[in-house]
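In: Fold the following for me, if possible:
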Amino acid sequence: MKIWFDLSNSPHINMFRTMIRDLQRSHEVIVTSRPLANTEDLLRMHRIPYTTVGVHYGRSLIGKTCGFPIRVAQLVRFLRRRGVDVAVSQSSFHSPVVARLLGIRSVYLNDNEHAAGNVPAFACADRIMVPEFLTAQNLRRQGASLAKVERYPGVKEGIYLWEYAQRCSASAPGSASAAARARDPQARPRIFVRPEPWTAQYYRGPRNFLDDVIGALQHRASVTVLPRSREQYLHYAGPAFKHCRTLSGVIDIDTIAGECDLFIGAGGTMTREMAVLGVPTISVYQDALLNVDRYLIAEGACAHLPALTAQDALDYLASRERAGPNAGLLAKGRAAYDMIKHEVTHAHA
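Out: Numbers count the residues shown, from 1 in each chain. Purely as a prediction, here's the structure:
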């Protein structure tokens, strides 16, 4: 089979990289991408061959609306003579539309019920795969036919974090370094911060709302900022944050989970990753929470503190002990991985 993955945003690389390598043993895999956030940097870091098709059209709804058919046409031209059998994507709204135009069967995954791009994607996809917590009401609201829907167990992040947890099965990620710092009262806590998604269509909250928190924490902790774009990097590399480490490149999950005492996330995927891995995690997301986020918060895997202060962050860290990865969610994630892989490889039948 020829299997096409459109990896159009940073979280898609971690989600599919193990599956792509598994599938490459028996199938031909084609990967397309676009220059958005850290997407292509992560593809290069993980040595996944890809082709850039199109660009990102920014946060403006007008720009996204006008750019959507342009990238669809570009993907159609690129794929037309490549004999693809099945299209696979997570929240790539272009992929199911392109697949429908080319007569290709498509498997579309999504866990964000607030994304407007689900409307054309749900209409065109042959199979829609969503986490078990996504409600039928939200699916119907965006036009999904429930006959197309298959629910996978757990959360999206479990689909790939089970493999990470296996690599670290000898001990909880970072436990040795965390224990060493616990014996040293002078050690400053290591806090990682992921700012808000400036260009995401679904995000309608404020920009730079974490500046005061980061500015205060940098004098009381070792703070690492994980920017999403060059523009965001330049903001946090400025003099107001001179005591922070602001990364200009990408960093893998292993490193973050191994070094991090507290994770503060203004987005979704990376925040959930750390919560599933047992890192003390605070979501400061400013918009309506997703069903999957509500589930993790209810389970006590993370906290939602949208009005966070620096003192709140340090108090939360002091009240939390680092746990190991969430075994239940990782077991569900492994089952979900097998379910999705089976759907992809049998999609031509």
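In: low-scoring stretches of the stretch 201-349 of the chain, by residue?
Out: Applying pLDDT under 70 to the stretch 201-349 of the chain flags residues 201-203, 347-349.
In: give me phi/psi at the nearest residue to Leu317 once chain neighbours are set aside?
Out: Once flanking residues are discounted, Leu317 sits nearest to Leu262: 4.5 Å by CB to CB, 6 or more residues apart in numbering. For glycine as for every other residue, the C-beta is placed from the backbone atoms N, C-alpha and C. Main-chain dihedrals, Leu262, degrees, to the nearest 10: phi -150, psi 130.
In: and what of Ala121?
Out: Dihedral angles (degrees, to the nearest 10) for Ala121: phi -70, psi -40.
In: change the start of the numbering to 14 and stick with it
Out: From this message on, residue numbering opens at 14, which makes the last subject Ala134.
In: distance of Glu41 from Ala178?
Out: Taking CB to CB, to the nearest Å as the criterion, Glu41 is separated from Ala178 by 30 Å.
In: swap that for Ile16, sorry
Out: For Ile16, the distance to Ala178 (CB to CB) stands at 26 Å.
In: wait, what's in contact with the spatially closest residue to His40 that is not a sequence neighbour?
Out: Spatial nearest neighbour of His40, chain neighbours left out: Met14 (4.6 Å); criterion: CB to CB, 6+ apart. By CB atoms under 8 Å, 6 or more residues apart in numbering, the residues touching Met14 are 40-41, 98-99, 358, 361.
In: Export the residues you listed to a markdown table and append columns for secondary structure, distance to Pro210 and neighbour count.
Out: Below are these laid out as a markdown table (DSSP: H, G, I helix; E, B strand; the rest coil; distance: CB to CB, whole Å; neighbours: other CB atoms under 10 Å):
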| residue | secondary structure | distance to Pro210 | neighbour count |
| --- | --- | --- | --- |
| His40 | coil | 32 | 15 |
| Glu41 | strand | 33 | 14 |
| Asp98 | coil | 33 | 16 |
| Val99 | strand | 29 | 23 |
| Thr358 | helix | 32 | 17 |
| His361 | coil | 35 | 12 |
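In: Out of the residues you listed, flag the one nearest to Leu321.
Out: Set against Leu321, the nearest of these by CB to CB is Val99 (42.8 Å).
In: I figured that closest one was touching Lys354, is that so?
Out: No. Val99 is beyond contact range of Lys354, at 11.7 Å (criterion: CB atoms under 8 Å).
In: if we can go back for a sec, make CSV out of the contacts of Met14 and add distance to Ala138.
Out: As requested, these are exported to CSV (distance: CB to CB, whole Å):
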residue, distance to Ala138
His40, 20
Glu41, 22
Asp98, 15
Val99, 11
Thr358, 17
His361, 15
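In: Which other helices and strands does the helix or strand hosting Asp325 contact?
Out: Per DSSP states H and E, Asp325 falls inside helix 323-332. Here helix 323-332 touches helix 224-230, strand 275-278, strand 294-296, going by 3 or more CB pairs under 8 Å, 6 or more residues apart in numbering; DSSP states H and E.
In: how far does the last one sit from the chain's center?
Out: Its chain's C-alpha centre and that of strand 294-296 lie 15 Å apart, by CA atoms, centre = their mean, to the nearest Å.
In: go on, the longest one?
Out: Average the C-alpha atoms of helix 224-230, do the same for its chain, and the two points are 24 Å apart (CA atoms, centre = their mean).
In: how about the helix or strand that comes right after that helix as CSV, C-alpha atoms only?
Out: From helix 224-230 onward toward the C-terminus, using DSSP H and E, the following helix or strand is strand 235-238. Below are the C-alpha coordinates for strand 235-238, written out as CSV (Å, rounded to 0.1, in the frame of the first residue of the first chain):
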residue,chain,number,x,y,z
SER,A,235,15.1,28.0,36.4
VAL,A,236,12.6,28.9,33.6
THR,A,237,12.7,27.5,30.1
VAL,A,238,10.3,29.0,27.5
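In: Walking through the stretch 164-313 of the chain, point out its helices one by one.
Out: Secondary structure of the stretch 164-313 of the chain, counting by DSSP state H, counting those that start in this stretch: helices at 171-180, 188-195, 224-230, 243-249, 266-272, 282-289, 304-311.
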